[in-house]
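Asker: Sequence plus the predicted model coming up.
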Amino acid sequence: MSAFSRVRTHLSIALLVVLALSFAPLTAPTFTAQAATSFAKAERLARSVTIYRDTYGVPHVFGTTDASCVFGYLYAQAEDNFWQVEDNYICSLGRAAEVYGESKLAQDLINHALEIPKLAKAEYMHSTPKVKELCVAAADGLNYFLLKNPHIKPRLITQFEPWMIFAFNRYALYQSFIFGKSGLRADEIKTAVRDAEANTPAATSTASLNDLHEKSLTDESDPENLLGSNMWAVTSAKSSTGHALLFINPHQPFFGVGQWYEGHLHSNEGWNLSGASFYGSPFPTIGHNATLGWSHTVNDPDITDVWAEKFDDPKNPMAYRYGDSYKTAAEWSDTLKIKTANGVDTKTYKFRKTHHGPILSVRKGVALALKMARLEEGGMIDEWYAMGKARDVAEFKKVMSRDAIPMFNAAAADSKGNIFYVYNGAVPRRSTKFDWTKPVDGSNPETEWQGYHAFEELPQLTNPPTNYVQNCNQTPFTTTTDGNPEVAQFPEYMTREHDNARAKMSRRILSNPAKFSFDDWAKAGWDTHLLESETAIPELVAEWEKLKAVDSARADKLSAVIAELKAFNHLSTTDSKAMTVFALWFYGMMQNRSKDEWQRIKVLENTIKDLERDWGTWQVAWGEFNRLQKIQSGGELEAFSDARKSLPIAGAPGWLGIINNFYARPEKGQKRRYGVVGTSFVSVVEFGPQVQARSTLVMSENADPNSPNYYDQCELYAKREFKPAWFTLADIKANSKRVYHPGEAAVMKKGA
């Protein structure tokens, strides 16, 4: 071998060692054969994947196996918004305070009290070989992205591990969704941890169970909590083409952990799934395959309970009363890092849990333990994976009967013309002797859960006589107009929702005797009719007429705005001035609890006063006021600005009884309001011999301001338009601008 050949060989070996080291787990202190094997495996996976980026940047990931599709899907997410993927995992691991400081400490403490990382590692170890393979592929996809893109600098996570996928699922569901249903507050965790840190659990005071109850954070009287999602399905009998139709319309935050990402996975193992998921998910969790599709909306089954534990043994501070004796609480310590102005502080905290669950609050000297359904068992990834492979409604129901996903309504439609709705939930069986809306006595064995209700015992409908189902976060007993589940057949603690204006509007649309064409269906998905204005405006006008009779001078000052409201056609449009007044007035009425005789008039006067203060006139077009702006999301939301590009939006808050939901928040120092939650991913699907779909993603596919796919779907969204959701390979190839394997430079098609 020549000297040149020897040098080249040594350089090649050195390069392989460097690459393998960068791909090795953080726990491996030196180069190992396992690291080299991991790198070689990732290279093989990358070569087995082809990513087609369509006109709108949506990745269509074609792979030889399901695992290769997951690898490519996570790689594509990282390409589009690695910042958000990593941020979701930082939060999932209970390490947000390392990046954001003290403001995220309570969030991290809850994460560790719930033992999310520990449970995630255990679930990974006990998962089926197939699910393990998918999670390994997901971690490999992210690590391979970092390897191939050294200019991307992670803020915290330099090596992703397979178990982290389970941590993200638990965090996104249990910490982000379910914890808030318990009635406990995030800031209370510091009282529980502080007591535990001193190793002196608080002695139980004489406080009664009623004294311990605090107003739930999900109180329906608060307009800020009336957010939600929409989903509809109609059978073939209600479609002009004879094909079932599905409307997918989740209303999640536009920024942060709940932000949606759209993608399409197609493997040679029979997986063909198009839809959306949160950043960091291994595959879409709502969407459709070739013969079946489904969506979710948030529901409110009673799947959390709080127990008041009695630590009253002075000789054993870890003993808590149970029946006629005592049990001993478990205790453990975790070390957390907290970013400060001077660097990073390290602090060790002690946590406790009883057999009911972790202690997350100490109120009036009483330790409160929280239990959440299925938190320890897991299985959500398995169930969603199987849902995506179900071929019809019958198979879909069988998969969902696993009951691993502890909440979410589900609606499905298939190519056989069937539809299905279920109020899904892992609902514990309980004694009806107790008030489960409040903390119950942990020392009383009668308060124990008695297993879970079976899937067949949950409210559900298949092909009702109306030929439609809908859910907009309301009670399952108003799903349709004929054939609903009967309230008396279910325990009172199972469901907690009421009907709402979005559901009423949905039933009106779906009860129309005319059959839906696919174009009709798509148009209905952007509907901006305001149900509440039909009754609220006449009530306001009637009060104004009464005022006119007793105080004409005061009434005359409002005559112009009343005339504008009387002429309102109940449609939210970007050029409507009446819409601006009505929306702000209605919100003011929701906040105003006064019983004053002229309550409506006073709120209207304040609305006009505020508009004139900020705009110089009350005649402000809704689209001038109500805007969509793309900003960097994450732990601390970037401020919106009137000086930056934004788009006018016709959508409005759901509590107005509108389908096209858009919730905008005021920004200090700015006149306009900017959307933060609402219609976030919207899709319509027709299940004919060849499935067809259209979709729009509110924040577009790419987070890079220099990308052509940074604002393109935002503009569609503002115009209430869909893009094609291409599904066949022929259509995908015809509409793709880039084709590549992960890690390789994209091949740009002519004209791109």
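Answerer: It's in.

Asker: so the residue nearest the centre of the chain, which of the three states?
Answerer: Residue closest to the mean C-alpha point of the chain, counted by CA atoms, centre = their mean, is Gly258 at 4.1 Å. Secondary structure, DSSP: H, G, I helix; E, B strand; the rest coil: Gly258 is coil.

Asker: got any ranges where this protein has weak pLDDT?
Answerer: 1-35, 195-203, 206, 215-227, 633-636, 746-752 (pLDDT under 70).

Asker: again, only using 50
Answerer: By pLDDT under 50, the low-scoring segments of the chain are 1-31, 216-224, 752.

Asker: if we can go back for a sec, the residue nearest to the centre of the chain is in contact with His251, isn't it?
Answerer: No. Here Gly258 lies out of contact with His251, judged by CB atoms under 8 Å, at a distance of 9.5 Å. Where C-beta positions appear, they are placed from N, C-alpha and C, glycine not excepted.

Asker: Now the element after the host helix or strand of Asp519, going C-ward?
Answerer: Applying DSSP states H and E as the criterion places Asp519 in helix 518-524. Later in the chain than helix 518-524, the nearest helix or strand by DSSP H and E is helix 533-550.

Asker: helices and strands around the very next helix or strand once past that next one, which ones?
Answerer: Counting by DSSP H and E, the element after helix 533-550 in chain order, helix or strand, is helix 552-556. When contacts are defined as 3 or more CB pairs under 8 Å, 6 or more residues apart in numbering; DSSP states H and E, helix 552-556 sits against helix 533-550.

Asker: Bridge partners for Ile51, pull those for me.
Answerer: Ile51 has these beta-bridge partners by DSSP bridges: Val61, Tyr740.

Asker: residues in contact with it?
Answerer: With contact set as CB atoms under 8 Å, 6 or more residues apart in numbering, Ile51 has these partners: 59-62, 72, 75-76, 738-742.

Asker: any idea which of the residues you listed is the one closest to Ala555?
Answerer: Of all these, Ala555 sits closest to Pro59, with 59.3 Å by CB to CB.

Asker: Please report how far Cys69 lies from Ala233.
Answerer: Taking CB to CB, to the nearest Å as the measure, Cys69 falls 26 Å from Ala233.

Asker: swap that for Pro406, please
Answerer: Pro406 is 23 Å from Ala233, by CB to CB.

Asker: And these two? Which one has more around it.
Answerer: It is Ala233, of Pro406 and Ala233, that has more neighbours when counted by other CB atoms under 10 Å, with 30 against 24.

Asker: and the longest helix along the chain, what does it pack onto?
Answerer: As assigned by DSSP state H, the longest helix anywhere in the chain is helix 66-92. Packing partners of helix 66-92 (3+ CB pairs under 8 Å, 6+ apart): helix 33-47, strand 49-54, strand 59-63, helix 96-100, helix 105-113, helix 129-148, helix 164-170, strand 260-267.

Asker: closest one to Ala290 among the ones you listed?
Answerer: For Ala290, the closest of those is strand 260-267, at 9.9 Å, according to CB to CB.

Asker: tilt between that closest one and strand 59-63?
Answerer: Here the directions of strand 260-267 and strand 59-63 differ by 30 degrees (axes from the mean of the first three to the mean of the last three CA atoms, to 10 degrees).

Asker: Could you pull out the buried residues of strand 260-267?
Answerer: Residues of strand 260-267 classed as buried: 260-267 (neighbour count, 16 or more other CB atoms under 10 Å).

Asker: And stretch 733-745, by the same measure?
Answerer: For stretch 733-745, the neighbour count (16+ other CB under 10 Å) marks 735-743 as buried.

Asker: and if you look at stretch 458-467?
Answerer: Neighbour counts over stretch 458-467 (16+ other CB under 10 Å) mark 458-464, 466-467 as buried.

Asker: so which of those residues comes closest to Ala120?
Answerer: Leu458 (27.0 Å).

Asker: how deep is the nearest residue to Phe82 once chain neighbours are set aside tucked in, by neighbour count?
Answerer: Closest residue in space to Phe82, ignoring its immediate chain neighbours: Ile152 at 5.5 Å, by CB to CB, 6 or more residues apart in numbering. Look at Ile152: counted by other CB under 10 Å, it has 13 neighbours.

Asker: try Phe662
Answerer: Here the count is done by other CB under 10 Å, and Phe662 has 27 residues near it.

Asker: That one in helix, strand or coil?
Answerer: Judged by three-state DSSP, the three-state class of Phe662 is strand.

Asker: what separates it from Phe490, distance-wise?
Answerer: Applying CB to CB, the value for Phe662 to Phe490 is 34 Å.

Asker: Then Glu612?
Answerer: From Glu612 to Phe490 the distance is 51 Å (CB to CB).

Asker: Counting neighbours around each, name which of these two comes out higher.
Answerer: Phe490 (18 against 13).

Asker: what residues are up against the more buried one?
Answerer: By CB under 8 Å, 6+ apart, the contact set of Phe490 is 457, 459.

Asker: any idea how far it lies from Gln107?
Answerer: From Phe490 over to Gln107 (counting by CB to CB), the distance is 34 Å.

Asker: and the closest residue to the residue nearest to the centre of the chain other than its chain neighbours, how many neighbours does it have?
Answerer: Closest residue to Gly258 apart from its sequence neighbours, by CB to CB, 6+ apart: Gln252 at 3.8 Å. Per other CB under 10 Å, the neighbour tally for Gln252 reads 23.

Asker: Using the three-state scheme, assign Gln252.
Answerer: Quick answer, by three-state DSSP: Gln252 is strand.

Asker: For it, give me its contacts.
Answerer: 229, 258-260, 278, 677, 680-681.

Asker: For the residue nearest to the centre of the chain, give its distance to Asp712.
Answerer: Counting by CB to CB, the gap from Gly258 to Asp712 is 22 Å.

Asker: how about His570, what does it touch?
Answerer: Listed by CB under 8 Å, 6+ apart, the contact partners of His570 are 529-530, 533-534.

Asker: ugh, wrong one, Val487
Answerer: Val487 sits next to Phe477 when contact means CB under 8 Å, 6+ apart.

Asker: if you set the cut-off to 10 Å instead, what comes out?
Answerer: Val487 sits next to 459, 475-477, 495 when contact means CB atoms under 10 Å, 6 or more residues apart in numbering.

Asker: same deal with Thr679?
Answerer: 229-230, 249-252, 254, 525-526, 649, 651, 654, 659-663, 696, 698, 717, 720 are the contacts of Thr679 under CB under 10 Å, 6+ apart.

Asker: quick one: Val99 and Lys337, what's the gap?
Answerer: From Val99 over to Lys337 the distance is 10 Å, taken as CB to CB.

Asker: any common contacting residues for those two?
Answerer: Common contact partners of Val99 and Lys337 (CB under 10 Å, 6+ apart): 156, 344.

Asker: Between those two, which is the more surrounded one?
Answerer: Val99 (19 against 16).

Asker: With only the CA atoms kept, save stretch 249-264 in CSV.
Answerer: Output in CSV follows, covering the C-alpha atoms of stretch 249-264 (Å, rounded to 0.1, in the frame of the first residue of the first chain):
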residue,chain,number,x,y,z
ASN,A,249,-60.8,20.5,12.2
PRO,A,250,-58.7,20.5,15.5
HIS,A,251,-58.3,23.9,17.3
GLN,A,252,-55.0,23.7,18.9
PRO,A,253,-52.4,26.4,19.7
PHE,A,254,-50.7,27.9,16.6
PHE,A,255,-47.4,27.9,18.5
GLY,A,256,-45.7,25.6,21.0
VAL,A,257,-46.3,22.0,22.0
GLY,A,258,-49.7,21.8,20.3
GLN,A,259,-48.6,23.1,16.9
TRP,A,260,-49.6,20.8,14.0
TYR,A,261,-47.3,19.4,11.3
GLU,A,262,-48.6,17.8,8.1
GLY,A,263,-47.1,14.7,6.4
HIS,A,264,-47.8,11.6,4.4
